[in-house]
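Trainee: what would the 3D arrangement of this be:
(2 chains)
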Amino acid sequence: MFESLFSFLFKYEQLVFQQGQFVLGASRSMWLAAGVAGLAAAYVLWSYRQLAALRVRDRAILLTLRVALIGVALFALLRPMLLLKVAVPQQNFVGILLDDSRSMQIGDQDGKPRSDFLISQLGRSDAPLLTELGKRFQVKVFRFSSSAERLQSTADLTFQGTGTRLGEVFDRARQELSGLPVAGLVLATDGSDNSEKTLDDSLAALKAQAMPVFAIGIGRDRLTRDIQITRVETPRRSLKGSSLVLDVVVTQTGYAGVKVPLFVEDDGRVVSSQDIVLPGDGESETVKVRLKASETGPRVFKFRVPVQANEEVAQNNQRESLIEVYNRREKILYLEGQPRPEPKFIRRATENDDNLQVVLLWRTAEATVTVPDKYLRLGVDGPEELQNGFPQTREELFSYRGIILGSVEASAFTPEQQRMLEDFVDIRGGGLLALGGERSFSEGGWAGTPLADALPVVLDPGSRGPQYPPAELVVQPSRAGLTHPSTQIADSADDVAAKWKDLPMLTSLNPLVETKPGANVLLTGKDSRGREQVVFAYQRYGRGKALVLPVQDTWLWRMHSKMDVKDVTHATFWQRLIRWQVDGVPDRVMASATPDRVQRGEPMTLTAEVVDPEYKGINDGRITARVTAPSGKVEDVPMDWTVEHDGEYRARFTPAEDGLYKVSLGGTTRDGKETGRGSMTVRVAPSDAEYFDAAMRAPLLQRVAEQTEGRYYAAKDAAAVVDAITYSGKGITVVEERELWDMPVNLILLLGLMGSEWLYRRSRGLA
Amino acid sequence: MRRTHVRIVLVLSVIVSVLAIATPRAQRGYGGYSQSYSGNVRYDGKFVFIRLSYPWYGGRGAPWAHDWPRGEEHFLKIFNEMTATPVHVAESSIMGLSDPELFKFPVAYMAEPGFWSMGDAETRALRDYLMKGGFMIMDDFRGRDWGNVELNVSKMFPEGRWVDLDASHAIFHSFFEINTLDIIPQAYDAGRPIFRALFEDNDPNKRIMIIAAYNTDMSEFWEWSDTGYAPVPVSNEAYKIGINLFIYGLTH
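Mentor: The predicted structure follows:
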């Protein structure tokens, strides 16, 4: 409506004014006439000043009307015009880029699939938009999804592409059209780009080669009825038997407040289910899902909400995630400085866990002048292990994946051993847990030591030692602690909350209150006076994590008279805490792939981080990735040291089969020593990314158009693309003059001003 | 009137004081009950020597209190000197078998179990204590006393099997290296000391729940170690085996 009115009044459509350059084309005689008109205006001004009989207001109105009238006439006399660069017919090329991905099957373009619109406008030989473009330009048509190529036949459009890579098609079109006079590129898509690369480089290259993109957004920019599993956060690897608490983010429109089940399936078997109430339209809800990694090997877990009535996109109701469940014994060194019950019960709690090995180095007597510390060793692998007490070398200490530090004073360690403890967390990436006791934390002289830097709490350097009687604490989880994997003392959220309320009080000799900025407090304790202190907190430090549990008797959660003899809370607490403590602790060879899931034929980057026993990077090694395809075919891929980072090696690999690829990485150092091996599983499968965030993405397409000096059109306005390209000024153009003196609006203004003056005079009796 | 009032107050004070002092002593006297001492050490995380009291029937002093208090007084001093255990050195506790506070002290000592008896509540409580992780040392009994020990333990663990230990067991190496049981002193007049153990789940590879120092009396040596009752080297061996048993209980 607005466009039509504009075209009627101003003779041309808006686009012409936007693209054209305004000039005055008056000849010398015209300028003379304009001068005369100017004099006439001056005379009018002077003559109105002489009419003393007129009131000031009348004089002002009449003067304004008369001057405006002369102004309009003057404007027309000066021959206003627009200079337009118009593409020369059939001398320029236009690239047409057609989205051939799966998301084009979504039926939200006037109730029909997006692909229907694309076919009807651009995908057939008789399609109107294609025909119109063909009349003015040489047309080259491309199809794109995960890859881009010239479209040989409209039958090639299948809308089965499993990805949308706008950058790929821009680069491909630019390369193919390079050197030709290009008036522009027409991009017909829903804009659901799911490439991991940014578009910036591709868009900059288009702009540099003067190839504007005229984007046509197909589909609605918001789905009306849809439930989507937006994200699932899972670890890449997990120790067998670990209880996982996973975040599943659910987004919806059109089903606010509806209760739906969320299922988790492992190989088609439902391993977890819970009801969730869907959030408001457009909002996300993060659901905590509890899951046990009970079966070894690569497991593909499916998170699924059943498809609801009238859902527009059914395929985004589920997501899959690969978790590699490994089965081995994680070795944890527990150094205890005093015979007391806590270590005994921690060991009892973990001895039935086949995946944990707590090695206890227990000082039973302190050194005298002539006799060194006396240790009891429990859980060691052989007579040599820890026979000289606490490890003296990094190599020995770093062979453990976790350390528990009991009630032992800082002075029991040499300065180098204290640095080693910090490095265990920072460099080796291990998990260190410091327990409470009369020789722990400040009370044990740990303030100011290297380890104090790693801990998530601030130690008071002025401590006067343990104060008896100890604080008796009612322990409660923080908000984060209720759902944190390390503090899940039961299997359901309700049971966890109830259990925490029912546990006996613990005691502490270490009144730790202040935490560091990066700390996460999971458990707090309150004494009878209402004073609160930290009971369990952790922070990331370097590559690892440091944990504190400044109480001395979690064993009361087993022994206390109110605890039933069959109650397993204490064992559950310690097993899950220690499992989390060593979760993610790196091995000497760590493998990763980017992206971690690809489609057949897509390349991926394999990365290996290789370190020596002291966890220093090994450079210049001979590292190979041995890749075993699902069919059993084995391929050795040499890896190159990146030079950017010590011990980092990379290789490119392109899988040719769907399924799970096993990758084993390792080799030898420059000196020929074995580095050890790391492994991972890579999943090769058709991507389902097309169905996620599947609404038409107008903002992205607008950005593409703006950055390349093109224009964005909604599907209903797609016909305007032809003129827009014609006047884009790109390619081979001729300059056309568009006269403006005869715009209808000029005549309307002239008549309107004259009529207004006449009417005013008549109404005032001045005629 | 005023003098009468003062006199009443004085008499009451004396009665209260005598009762307070006499409570543990009374338990050495006559009676078929077991109870905890009102002056027990409050739990604070440190090691406390726990002497178990039990009902008994007979005319002489409470058998569970044999060697009390000097036995533990002396032992605690040595235990504190020799080990790094945080210890209440100058005080100890007496606890009944069903005292809920017992569960805060995972190692307990019982003397003269030949006289030990217990009711259903005590049986349940002590069984729970041992199964949760508690450790009980029995000392100072011989000969036919064993039948009473077996009877009481079978109430808790009908399937329980006793195992005679040799010097290779970890309990004899938990602190001191005791490589032969021949050095363990014999307080009685015949035979050699025997260390019998009841293992968790009757599995000798698991921890010991009850250790019976049968046919000997370690605490006798502790009690009289500051006199000429036994040569110092002999008392030393009694301390060594005692420390090993307590350290084992704390660590296993």
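Trainee: now for residue A:572: which residues touch it?
Mentor: For residue A:572, the contacting residues are A:488, A:489, A:490, by Cβ atoms under 8 Å, 6 or more residues apart in numbering or on different chains. (Glycine included, C-beta is placed from N, CA and C.)
Trainee: residue A:257 is in contact with residue A:283, isn't it?
Mentor: No. Using Cβ atoms under 8 Å, residue A:257 makes no contact with residue A:283, being 11.3 Å away.
Trainee: and the residue of chain A that's closest to chain B?
Mentor: residue A:561 (3.7 Å; Cβ to the nearest Cβ).
Trainee: not counting sequence-adjacent ones, nearest residue to that residue?
Mentor: In this structure, residue A:561 finds its nearest non-sequential neighbour in residue B:100, 3.7 Å apart by Cβ to Cβ, 6 or more residues apart in numbering or on different chains.
Trainee: how about residue A:723?
Mentor: Looking at residue A:723 with Cβ to Cβ, 6+ apart, the closest residue is residue A:15, at 5.7 Å.
Trainee: could you do residue A:521 as well?
Mentor: The shortest distance from residue A:521 to any non-neighbouring residue, by Cβ to Cβ, 6+ apart, is to residue A:537 (4.5 Å).
Trainee: what strand or helix carries that neighbour?
Mentor: Per DSSP states H and E, residue A:537 falls inside strand A:532-541.
Trainee: tell me the strands beside the following helix or strand past that strand, with direction?
Mentor: Counting by DSSP H and E, the element after strand A:532-541 in chain order, helix or strand, is strand A:544-549. According to DSSP bridges, strand A:544-549 forms sheet pairs with strand A:431-435 (parallel), strand A:532-541 (antiparallel).
Trainee: how about these, which one is nearest residue A:407?
Mentor: Proximity to residue A:407 (Cβ to Cβ) singles out strand A:431-435 among the strands paired with strand A:544-549, at 6.9 Å.
Trainee: roughly how far out does the closest one sit from the chain middle?
Mentor: Chain-centre distance of strand A:431-435: 32 Å, with Cα atoms, centre = their mean, to the nearest Å.
Trainee: same question, stretch A:505-525
Mentor: Counting by Cα atoms, centre = their mean, stretch A:505-525 is centred 33 Å from the centre of its parent chain.
Trainee: can you give me the pLDDT of whichever residue of chain B sits closest to chain A?
Mentor: Nearest residue of chain B to chain A: residue B:100, at 3.7 Å (Cβ to the nearest Cβ). pLDDT recorded at residue B:100 is 97.
Trainee: so it versus residue A:650, what's the distance?
Mentor: Distance of residue B:100 to residue A:650, given as Cβ to Cβ, to the nearest Å: 63 Å.
Trainee: same check, this time on residue A:382
Mentor: 38 Å.
Trainee: more crowded one of the two?
Mentor: residue A:650 (16 against 7; other Cβ atoms under 10 Å in any protein chain shown).
Trainee: just checking, what packs against the host helix or strand of that one?
Mentor: If you go by DSSP H and E, residue A:650 is part of strand A:648-653. On a contact count with 3 or more Cβ pairs under 8 Å, 6 or more residues apart in numbering or on different chains; DSSP states H and E, strand A:648-653 meets strand A:604-610, strand A:622-628, strand A:634-641.
Trainee: as TSV, these with mean neighbour count and mean pLDDT would be great.
Mentor: Listed next are those as TSV, based on neighbours: other Cβ atoms under 10 Å in any protein chain shown; pLDDT from 0 to 100:
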stretch	mean neighbour count	mean pLDDT
strand A:604-610	21	97
strand A:622-628	20	97
strand A:634-641	14	97
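Trainee: put together JSON lines for those strands, with distance to chain B on each row.
Mentor: Formatted as JSON lines, these follow (distance: least, Cβ to the nearest Cβ, whole Å):
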{"stretch": "strand A:604-610", "distance to chain B": "39"}
{"stretch": "strand A:622-628", "distance to chain B": "40"}
{"stretch": "strand A:634-641", "distance to chain B": "43"}
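Trainee: who in chain B is up against chain A?
Mentor: B:42-47, B:82-86, B:100-104, B:106, B:125, B:127-129, B:131-134, B:174-175, B:207, B:247, B:250-252 (Cβ under 8 Å from any Cβ of the partner chain).
Trainee: among these, which ones are in helices?
Mentor: Members of the residues of chain B next to chain A lying in helices (criterion: DSSP state H): B:82, B:125, B:127, B:128, B:129, B:131, B:132, B:247, B:250, B:251.
Trainee: just the buried ones out of those residues, please.
Mentor: Those of these that meet the buried threshold are B:82, B:125, B:127, B:128, B:129, B:132, B:247, B:250, B:251, by 16 or more other Cβ atoms under 10 Å in any protein chain shown.
Trainee: looking at those, which is nearest residue A:675?
Mentor: Closest to residue A:675, out of all of these and judged by Cβ to Cβ, is residue B:251, at 38.8 Å.
Trainee: skip the chain neighbours and tell me the closest residue to the closest one.
Mentor: residue A:344 (5.5 Å).
Trainee: so, low pLDDT: which residues of the chain?
Mentor: As the question left the chain open, I've gone with chain A. A:51-53, A:767 (pLDDT under 70).
Trainee: please go with chain B instead
Mentor: In chain B (pLDDT under 70), the answer is B:1-34, B:58-60.
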